[in-house]
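K.L.:
return atomic coordinates for the entry below.
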Amino acid sequence: MAYRPITSPPYLWGPSPVATPTTPVPQGWLNIDGAAGTPMPHYDGTDRSIDYLRYDLVNLAYYLPGITKSAVIGVGGGRDLMSAHLFGVRDITGVELNPIFIDLLTRDGFYASHSNLNRVPNLRLHVDDARSWFAAARETFDLIQMSMIDTWAATGAGAFSLSENGLYTLEGWRTFLDRLSDQGVFTVSRWYNRGDVDESGRMIALAIGTMIDRGAADPRQHVFVARTDNIATLVLSKAPLSPARLASLKSVTTALGFQVLVSPDADPETDTLRRMVVAKDLPSLNRVAQTTFLDLRVPTDQRPFFFNQLRFTDIPRAAVKLARGELASGVLRGNLLASMTLTIILVIALIAVVFTIVLPLRGVAKTGARRLIVAGTIYFSLIGMGFMFAEISLLQFFGIFLGHPIYALGVCLFSLILSSGLGSLASGTFRLETGQRMVVWGVALAGYLLVAQSQLTRMFAATAAQGLSTRILLSLAVIMPLGFLMGFAFPTGMTLVQRIDDEPAPWFWGINGATGVLASVVAVMVSMALGINVTMSIAGLCYLALIPVARVLMATPALRPAASVTTDPRRTAIDRQTRRG
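P.N.:
Here you go, the predicted structure:
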């Protein structure tokens, strides 16, 4: 929602405590989702109208000398673009995923005249996913800025399944640093809470991890972080910070009344951060990051949940903290709400499954032989779990690759449903009616999933620079064969159990649906806790486990042959309808 501008004191993310401007200025506000918003400053063509931006901590890196070309990740209301212009940057690029922002800032008659971005010289705007755009770019920048472009609104709303973010992963930051000039800097601002060191702590761990990944001899020499009471701004230099550049950052920090949180020549203010900045490898860094109440481990594309810092095992402790009024951290409150929402959804789903599927069909299950019921229940449970674990992990993986959850939903669900339907259709012709065929199919499907979980991130890195249409085609090329193979599982299982006895078929249908519903929630929880690759691996193991279960069903003798004659007309009608279906 775009709010009409009002004249009020300047909005600053991290205002200087010693030089905070108070003269009212016209400014608008764009609300994205719940608590996620961005200000829209007014520019009248003179620096005076935006001079207050000099006193915001998020713009600290612009005080470094030699910044002539910069890029902004997440244009929002145009605030960071105006900051670059104010500091004299002659070549400015903005990359924004949401086209509505660009339309408002440059084409809408009212808001475009308010922002006046069109009056900024040498400004280029691109509507694209930032990682994809920078991966494809062939130019370098003196400064890349990413300030407060995300909040905990998604997790606060319980939208865990869409909370992965490829902008805050090791692989993502590797892409951004590759687009810096030799002395270029990457600056990121996040919320800071001295008691928990939540988002800022994970941001620092990610910065140190990125420099370790790049082979820096001493990662600490590349990192400078300053803070206010609620914001921390990271300046991550591609090259070690020279004494002159470090002195410049410290001088401005002191002059504006900010506090140094991390510096190459001083120990951080907390023990956790002190141990982080001296880590020499990723495992030791993650061990330090794992010792805190919050999960500050370095996010990667296989576990890209930067904003989720509450472990599921710590939910009870966090709830107690909340009840006592000890949760000052906004992100932790959001994590707790989302975790509790996810848990409640699982409980509700379990209750619904029991009362709408399991209990109504339990009478049908009692009519079948014990061996058939046990083996069939396991078989169809594995299918439901395997399919949903594969689907959720694909959505999360390709959400990063394609740059937006909407693309992932459209491409993944369409291709998976279509290809699995084709696989089900083909199963009538290419029957898995022998143990040997079942082994070949099961090993091929499980192997595909197990290989994919380790190779997808490599494929993404190699093809991230391709256009969206190319990435969609690559996604289809990966998903369609997988869906085709998965489509064989259900009709094959039904053929096996109905060959033995078609009476319990409704029970197996119900069990498959029930397991799928529950697995969709559990899969999200597994991804959050252990990683998307683990979720996909579990899917592969589920399909691999189908092999011995299917062999048990194949070895079970038929109890009611399909051609058997019964004197009960109701039974005859049921048998005829089942065979027809």
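K.L.:
quick check: residue 181 vs residue 239, distance?
P.N.:
9 Å (CB to CB, to the nearest Å). To be clear about C-beta, it is placed using only N, CA and C from the backbone, and glycine gets the same treatment.
K.L.:
where along the stretch 451-581 of the chain do the helices fall?
P.N.:
Remark: helices assigned in the stretch 451-581 of the chain by DSSP state H, counting those that start in this stretch are 468-486, 489-500, 505-530, 532-555, 569-580.
K.L.:
distance to residue 233 for the ones you listed - can I get that in a markdown table?
P.N.:
Below are these laid out as a markdown table (distance: least, CB to CB, whole Å):
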| stretch | distance to residue 233 |
| --- | --- |
| helix 468-486 | 32 |
| helix 489-500 | 51 |
| helix 505-530 | 28 |
| helix 532-555 | 30 |
| helix 569-580 | 67 |
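K.L.:
show me where pLDDT drops low in this protein?
P.N.:
33-36, 151-164, 195-196, 322, 325-331, 368, 560-581 (pLDDT under 70).
K.L.:
what about the longest strand in it?
P.N.:
strand 180-191 (DSSP state E).
K.L.:
from the contact counts, what lies against the helix or strand just after it?
P.N.:
Once the chain leaves strand 180-191, the next helix or strand it forms, by DSSP states H and E, is helix 199-213. If you count contacts as 3 or more CB pairs under 8 Å, 6 or more residues apart in numbering; DSSP states H and E, helix 199-213 packs onto helix 170-178, strand 180-191, strand 223-227, strand 231-237, strand 259-262, helix 271-277, helix 282-289.
K.L.:
for the last one, list every residue counted as buried.
P.N.:
Yep, that's helix 282-289 we're talking about. By 16 or more other CB atoms under 10 Å, the buried positions in helix 282-289 come out as 282, 285, 286, 288, 289.
K.L.:
OK, contacts around the fourth one?
P.N.:
For residue 288, the set of contacting residues under the criterion of CB atoms under 8 Å, 6 or more residues apart in numbering consists of 272, 275, 276, 279.
K.L.:
so who does the third one touch?
P.N.:
Spelled out, that is residue 276. Here residue 276 is in contact with 201, 204, 205, 208, 268, 285, 288, 289, 296 (CB under 8 Å, 6+ apart).
K.L.:
would you turn those residues into a markdown table with distance to residue 67?
P.N.:
Shown next, in a markdown table, are the contacts of residue 276 (distance: CB to CB, whole Å):
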| residue | distance to residue 67 |
| --- | --- |
| 201 | 27 |
| 204 | 23 |
| 205 | 26 |
| 208 | 24 |
| 268 | 26 |
| 285 | 29 |
| 288 | 33 |
| 289 | 31 |
| 296 | 30 |
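K.L.:
pretty sure residue 418 sits in a strand.
P.N.:
No. Applying DSSP: H, G, I helix; E, B strand; the rest coil, one finds residue 418 to be helix, outside a strand.
K.L.:
look up how far residue 343 lies from it.
P.N.:
Where residue 343 is concerned, residue 418 sits at a distance of 33 Å (CB to CB).
K.L.:
going by neighbour count, list what's buried in stretch 63-75.
P.N.:
For stretch 63-75, by 16+ other CB under 10 Å, it's 63, 64, 67, 69, 70, 71, 72, 73, 74, 75.
K.L.:
among the residues you listed, which lie within strands?
P.N.:
69, 70, 71, 72, 73.
K.L.:
so which of the helices and strands packed on helix 199-213 comes closest to residue 431?
P.N.:
helix 170-178 (42.6 Å; CB to CB).
K.L.:
quick one: distance of that closest one to the chain centre.
P.N.:
16 Å (CA atoms, centre = their mean, to the nearest Å).
K.L.:
so can I have a markdown table of the helices of the stretch 451-581 of the chain showing distance to residue 408 and mean neighbour count?
P.N.:
Putting those into a markdown table (distance: least, CB to CB, whole Å; neighbours: other CB atoms under 10 Å) gives the following:
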| stretch | distance to residue 408 | mean neighbour count |
| --- | --- | --- |
| helix 468-486 | 8 | 18 |
| helix 489-500 | 23 | 21 |
| helix 505-530 | 13 | 21 |
| helix 532-555 | 12 | 21 |
| helix 569-580 | 38 | 11 |
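K.L.:
between those, which one is nearest to residue 11?
P.N.:
Closest among the helices of the stretch 451-581 of the chain, using CB to CB: helix 505-530, at 32.8 Å.
K.L.:
list phi and psi for residue 436.
P.N.:
Note on residue 436: backbone dihedrals following degrees, to the nearest 10 are phi -70, psi -40.
K.L.:
wait, doesn't residue 378 sit right on residue 548?
P.N.:
No. Using CB atoms under 8 Å, residue 378 makes no contact with residue 548, being 9.6 Å away.
K.L.:
ok, residue 223 - contacts?
P.N.:
Taking CB under 8 Å, 6+ apart as the test, what residue 223 contacts is 204, 207, 208, 211, 234, 235, 236, 237, 262, 264, 277.
K.L.:
nearest to residue 83, of the residues you listed?
P.N.:
Nearest member of those to residue 83, counting by CB to CB, is residue 235, at 14.3 Å.
K.L.:
this completes my enquiry, with thanks.
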